[in-house]
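Participant: A predicted structure for the sequence below; I have some questions about it.
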Amino acid sequence: MDLLRLAILILFAAPGFAAHTGVTRRNGFSLSDAAIFGIVVIGLWLAQRAMRRRHRKADDVRED
């Protein structure tokens, strides 16, 4: 099982290492910046929705 976890970790980490060539270009935002921003926004929205749902369930239990 530990070998599977290591394989998954390498699978997710490898693109990060391959993406950095050491050369930087400063020409504004790239598509990856917009994609990361979108992923963060969706993650925050999902977390907020889950917290609201949990709070709503707790209120319903208290009312009963």
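Facilitator: Yes, it's here. Residues are numbered from 1 along each chain as shown.

Participant: confidence score at residue 25?
Facilitator: Looking at residue 25, its pLDDT is 69.

Participant: swap in residue 62?
Facilitator: Confidence at residue 62, expressed as pLDDT, is 77.

Participant: numbering from 16 from now on, please.
Facilitator: Right, with 16 as the first residue, what we last looked at is residue 77.

Participant: what's the longest helix in this protein?
Facilitator: Determined from DSSP state H, the single longest helix within the chain is helix 46-78.

Participant: from the chain's centroid, how far away is it?
Facilitator: Helix 46-78 sits 12 Å away from the centroid of its parent chain (C-alpha atoms, centre = their mean, to the nearest Å).

Participant: hmm, which helix or strand of the protein has the shakiest average pLDDT?
Facilitator: Counting by mean pLDDT, DSSP states H and E, the chain has its least confident helix or strand at helix 17-34, which shows a mean of 72.

Participant: against residue 51, how distant is residue 58?
Facilitator: 11 Å (C-beta to C-beta, to the nearest Å). (Glycine included, C-beta is placed from N, CA and C.)

Participant: how many neighbours does residue 55 have?
Facilitator: Residue 55 has 10 neighbours, counted by other C-beta atoms under 10 Å.

Participant: residues contacting it?
Facilitator: For residue 55, no residue meets the contact criterion (C-beta atoms under 8 Å, 6 or more residues apart in numbering).

Participant: coming back round to it: buried residues in the longest helix of the chain?
Facilitator: By 16 or more other C-beta atoms under 10 Å, helix 46-78 has no buried positions at all.

Participant: and for stretch 17-28?
Facilitator: Judged by neighbour count (16+ other C-beta under 10 Å), stretch 17-28 contains no buried residues.

Participant: mind saving the C-alpha coords of that stretch as CSV?
Facilitator: Listed next in CSV are the C-alpha coordinates belonging to stretch 17-28 (Å, rounded to 0.1, in the frame of the first residue of the first chain):
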residue,chain,number,x,y,z
ASP,A,17,2.9,2.4,0.7
LEU,A,18,4.2,1.8,-2.8
LEU,A,19,0.8,2.9,-4.2
ARG,A,20,0.9,6.1,-2.1
LEU,A,21,4.4,6.9,-3.3
ALA,A,22,3.4,6.3,-6.9
ILE,A,23,0.5,8.7,-6.5
LEU,A,24,2.7,11.3,-4.8
ILE,A,25,5.2,11.1,-7.7
LEU,A,26,2.4,11.3,-10.2
PHE,A,27,1.1,14.6,-8.8
ALA,A,28,4.6,16.0,-8.0
